[in-house]
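K.L.:
model the following, please.
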Amino acid sequence: MMRQRERADLASICVSEKMVVLPLCPPPGRIFESVVYRHFMQNFCRLSAVAEEIRVLSSIQAVSAAMGISPALAAKTLVDIGLRAPRHGFPLSFLAWGGNASAESLQSSL
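P.N.:
Now for the predicted structure:
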C-alpha cells in the first residue's frame with residue numbers, strides 16, 4: 001500500500017509546473033541550434049546556486065546577448081530542441097511572441 005502512495009507522490013512531482021527539462025543536444029549539421037545550446041548550457045551550469053526557473057531565464061538572456069539575437073528567438077530555439085520550464089522562466093517577449101500569454105496579463109500577475 002505504501003508503494004502505491006510513493007508512486008503517486010512521485011508522479012505528482014514529475015508533472016509539477018515547477019519542473020525544468022533541459023534541451024537535448026541538436027543533431028549534427030544544425031549549427032545555429034548547436035551554438036544556442038552550447039551557450040545556454042554553459043550559462044545554466046554556472047548558475048548552480050539559483051532557482052532553476054531563474055537559471056533558465058538568465059541563461060536565455062545570456063544567449064541573446066552573446067549571439068546578438070532576440071531573447072524570443074533564443075527561447076524558441078531552445079524550446080524546439082526540448083527545453084521545458086514554467087512560464088516565468090521565459091522572457092516576456094517569447095510569451096507574447098509565442099501566443100502563450102499577453103505581456104500585459106503576465107506583468108499584472110507578477
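K.L.:
and the gap between residue 67 and residue 87?
P.N.:
23 Å (C-beta to C-beta, to the nearest Å). For the C-beta atoms, the positions are set from N, CA and C on the backbone; glycine is no exception.
K.L.:
what does residue 95 give?
P.N.:
Taking C-beta to C-beta, one finds residue 95 at 6 Å from residue 87.
K.L.:
which of those two has more neighbours?
P.N.:
Using other C-beta atoms under 10 Å as the criterion, residue 95 and residue 87 rank with residue 95 on top: 19 against 14.
K.L.:
mind telling me what element the more buried one is part of?
P.N.:
Here residue 95, judged by DSSP states H and E, is contained in helix 92-97.
K.L.:
pLDDT on that helix, on average?
P.N.:
For helix 92-97, mean pLDDT rounds to 84.
K.L.:
tell me what it is packed against?
P.N.:
helix 71-80, helix 103-109 (3 or more C-beta pairs under 8 Å, 6 or more residues apart in numbering; DSSP states H and E).
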